[in-house]
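# Quick one, what's the 3D model for this:
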Amino acid sequence: MKKLILQKQEAQPLVVFLQKPELKNKAARLRNKFVKKLTAITAELDEDRIDLCKEHADKDDKGEAIVNENQYQVQDLEALNADIQDLYKEEVAIEVGEYSNNFAPLFEYLESDDFDYPLSGQDDACYNRLLDMWEDAQEQSEKGDN
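Predicted coordinates for the structure are as follows:
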């Protein structure tokens with residue numbers, strides 16, 4: 001089964017990009033399904049980041065993380081930042097199923113001449129990343145990788 005593989009930190013920028021172009025019919029519906037999956041990855045990333053902050057935070061007498069002005073009190077920011085960077089770079093796979101989760105029409109539309117959306121800067125980077133992920137999934141499928 002094809003898998004779209006991305007780093008967790010890529011999910012949110014891809015959501016922002018995908019919500020910009022006006023899409024119709026099946027492409028719009030599939031975009032919404034894909035955005036839901038990316039949004040779930042982003043939510044999990046946020047939860048994991050908070051857990052890391054709690055883990056690295058100084059603890060009070062009861063073993064609870066110390067919070068000052070809505071921020072965790074952390075002495076070793078370097079270690080926390082290293083762990084957060086590792087978390088952001090973790091890869092996650094979105095499976096492209098044969099039926100309801102088949103995103104092929106969405107990516108085919110994004111690659112087609114019918115996709116008429118001006119691209120520059122971050123939008124261009126996100127667009128190219130999406131197509132790279134799709135191409136990688138196609139190659140994976142051709143090789144028979146799981």
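# where are the low-confidence patches of the chain?
1, 97-101, 141, 144-146 (pLDDT under 70).
# For it, just list every one of the helices.
11-18, 25-56, 77-89, 104-111, 121-143 (DSSP state H).
# now the third one: how far from the chain's centre is it?
Taking CA atoms, centre = their mean, to the nearest Å, the mean C-alpha location of helix 77-89 is offset from the chain mean by 17 Å.
# again, but for the fourth one
Its chain's C-alpha centre and that of helix 104-111 lie 18 Å apart, by CA atoms, centre = their mean.
# quick one: residue 20 from residue 105, how far?
With distances taken as CB to CB, to the nearest Å, residue 20 is found 19 Å from residue 105. C-betas here are computed from N, CA, C, even on glycine.
# can you check residue 128 too?
Counting by CB to CB, the separation of residue 128 from residue 105 is 20 Å.
# picking that back up, just so I know, which of the helices of the chain lies nearest residue 71?
Proximity to residue 71 (CB to CB) singles out helix 25-56 among the helices of the chain, at 8.4 Å.
# Tell me which residues of the closest one come out buried.
Buried residues in helix 25-56, counted by 16 or more other CB atoms under 10 Å: 27, 30-31, 34-35, 37-38, 41-42, 45, 48-49, 52-53, 56.
# Could you do stretch 121-135 as well?
123, 126, 127, 129, 130, 133, 134.
# how about the last one, what does it touch?
The one in question is residue 134. If you count contacts by CB atoms under 8 Å, 6 or more residues apart in numbering, residue 134 has them with 4, 103, 107, 110, 111.
# what about burial for those residues, which qualify?
Buried among these by 16+ other CB under 10 Å: 4, 103, 107, 110.
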